[in-house]
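mind looking at a prediction? Sequence and model below.
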Amino acid sequence: MARVVWITGASSGLGLYTARALARHGFTVVAGARSFGRGKAVEGCECLELDVTSEESRAAFAARAVEAHGAPDILVNCAGVLVLGACESYPQEELRRVMETNFFGTAAMISLALPLMREKGGGRVVCFSSINGLLGIPFEGAYTASKHAIEGYCECLALETRAMGVEVMVVEPGDHSGGSRAYRGRSAGVGEGSPYLAAFERGTAVIAHDEEHGSDPAALGEKVARALEKRRLPRKLIVAKADQRLAVVLHDLLPARLFARVIGPYYLKDLY
C-alpha cells in the first residue's frame, strides 16, 4: 500500500514541485493550500483547502484527509510567505503574519499529525527551512527569523520523538527559480523617506536576480521524494548551489565580523 503524505503549501513554489514529485514516485499525496478552495489542483494529488494559520481549516483538512486515506505516514510542511523589509521598520502585523504561516502553522500541523502517526507505529516529518535558517541576509529578517525557529524546533522534535518511531528531516533550499510572487511581498515599512530605501532597492534586486537564476525546483522535489524512499531519513537535506553551500560553511567558520565583510558587499555593493 502506498504511503500517505500530507503536504502543505502545495499550490505553488517548492511545495508544488515537491507534491508533483511525490505523486510521480507513487506516494498517496493529500495536498493542502488556500487556493485549492478556489478550484486549483495538482495532478496526481488529492487537493484540499488548507490555511495553516486557521485552527478550523487545519481540523477540516485533517478530518477529510483521514476519512479518505487514513492516518498520514508522512507530513511535509512547505507552507510559507516572505516579506522583504528592514528589521527596524517591519510593522508588527507583518512579522506576525510571517511567523504565523511559516512557524506556528508548521508546529500546529505537526501537533495534528503526530498522534495519528503514533497510532500507526511511527512516521516521518519533513519541514522546509532554508539556507536562511542557517544564516541571515539583508532585508529578509522576518523570513530568516521564522526559518531559524523551524531549525531549532525540529532539532528538539527529533530528539523527543525518536523513541516513538518518528523521523524528522529539515530541508534547507537555496535559491530556486519559479517561486510564486503571490507569497512574497514588500514591507509597508520601507517607503519614501526610509533611511533603508537605497540599500533595500539594491539588496532586493540581488535577491530577485539570484532567485530568477536559481536551481531547478523540480530537481529539489525529486531529491525530497528520493530521501523519503530511503530506509533511514536524512536528518538534513541541503539543496543549494556551491556558492550558497560555501556561504554556510564560512558562516560557521569565520568570526561574525569577518563573515559580515564577506556577505554584506554582495548584497549592498557601494553601500557597505
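The structure has been received and is ready for your questions.

tell me where the stretch 1-150 of the chain has helices.
13-24, 55-69, 92-99, 105-120, 141-161 (DSSP state H, counting those that start in this stretch).

in a markdown table: those, plus mean pLDDT and mean neighbour count.
To be clear about C-beta, it is placed using only N, CA and C from the backbone, and glycine gets the same treatment. Formatted as a markdown table, these follow (pLDDT from 0 to 100; neighbours: other C-beta atoms under 10 Å):
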| stretch | mean pLDDT | mean neighbour count |
| --- | --- | --- |
| helix 13-24 | 97 | 24 |
| helix 55-69 | 98 | 16 |
| helix 92-99 | 97 | 16 |
| helix 105-120 | 97 | 18 |
| helix 141-161 | 98 | 19 |
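
so which of the ones you listed is nearest Asn132?
helix 141-161 (4.4 Å; C-beta to C-beta).

show me what the closest one is packed up against.
strand 82-84, helix 92-99, helix 105-120, strand 123-128, strand 166-173 (3 or more C-beta pairs under 8 Å, 6 or more residues apart in numbering; DSSP states H and E).

name the surrounding residues that touch the fourth one.
Spelled out, that is strand 123-128. 9, 14-15, 72-78, 80, 106, 110, 113-114, 116-117, 150, 153-154, 157, 161, 165-171, 173, 224, 228, 233 (C-beta atoms under 8 Å, 6 or more residues apart in numbering).

do the longest one as well
With contact meaning C-beta under 8 Å, 6+ apart, helix 105-120 is reached by 6, 8, 52-53, 55, 58-59, 62, 66, 71-73, 75, 77, 79, 123, 125, 127, 150, 153, 157, 161, 164-166.

sorry, back to before: using JSON lines, lay out the helices and strands packed on helix 141-161 together with distance to Arg245.
Below are these laid out as JSON lines (distance: least, C-beta to C-beta, whole Å):
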{"stretch": "strand 82-84", "distance to Arg245": "21"}
{"stretch": "helix 92-99", "distance to Arg245": "25"}
{"stretch": "helix 105-120", "distance to Arg245": "24"}
{"stretch": "strand 123-128", "distance to Arg245": "17"}
{"stretch": "strand 166-173", "distance to Arg245": "10"}
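
out of the ones you listed, nearest to Arg38?
helix 105-120 (19.1 Å).

how about Leu95: what's its closest non-neighbour residue?
Ala142 (5.3 Å; C-beta to C-beta, 6 or more residues apart in numbering).

what sits against that neighbour?
Here Ala142 is in contact with Leu82, Val83, Gly85, Tyr90, Glu94, Leu95, Val98, Met99, Ser187 (criterion: C-beta under 8 Å, 6+ apart).

sorry, back to before: for Ala208, find the nearest of the helices and strands packed on helix 141-161.
Comparing the helices and strands packed on helix 141-161 by C-beta to C-beta, strand 82-84 comes nearest, at 9.3 Å.

show me what that closest one is packed against.
helix 92-99, helix 141-161, strand 184-186, helix 197-212.

who touches it?
For strand 82-84, the surrounding residues in contact (C-beta under 8 Å, 6+ apart) are 90, 94, 97-98, 139-140, 142-143, 183-187, 190, 200, 204, 207.

now with 6 Å, please.
The contact list for strand 82-84 (C-beta atoms under 6 Å, 6 or more residues apart in numbering) reads Glu94, Val98, Phe139, Ala142, Tyr143, Arg184, Gly185, Arg186, Ser187, Thr204.

then stretch 85-97?
By C-beta under 6 Å, 6+ apart, stretch 85-97 touches Val83, Gly141, Ala142, Ser187, Ala188, Gly189, Val190, Tyr196.

in TSV, list these along with distance to Ile263.
Listed next are these as TSV, based on distance: C-beta to C-beta, whole Å:
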residue	distance to Ile263
Val83	21
Gly141	14
Ala142	18
Ser187	21
Ala188	26
Gly189	23
Val190	20
Tyr196	17
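
any of the residues you listed buried? List them.
Among those, those buried by neighbour count (16 or more other C-beta atoms under 10 Å) are Val83, Gly141, Ala142, Ser187, Gly189, Val190, Tyr196.

can I get those residues in JSON lines with distance to Leu135?
Output for the buried ones among the contacts of stretch 85-97, formatted as JSON lines (distance: C-beta to C-beta, whole Å):
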{"residue": "Val83", "distance to Leu135": "19"}
{"residue": "Gly141", "distance to Leu135": "12"}
{"residue": "Ala142", "distance to Leu135": "15"}
{"residue": "Ser187", "distance to Leu135": "20"}
{"residue": "Gly189", "distance to Leu135": "23"}
{"residue": "Val190", "distance to Leu135": "22"}
{"residue": "Tyr196", "distance to Leu135": "20"}
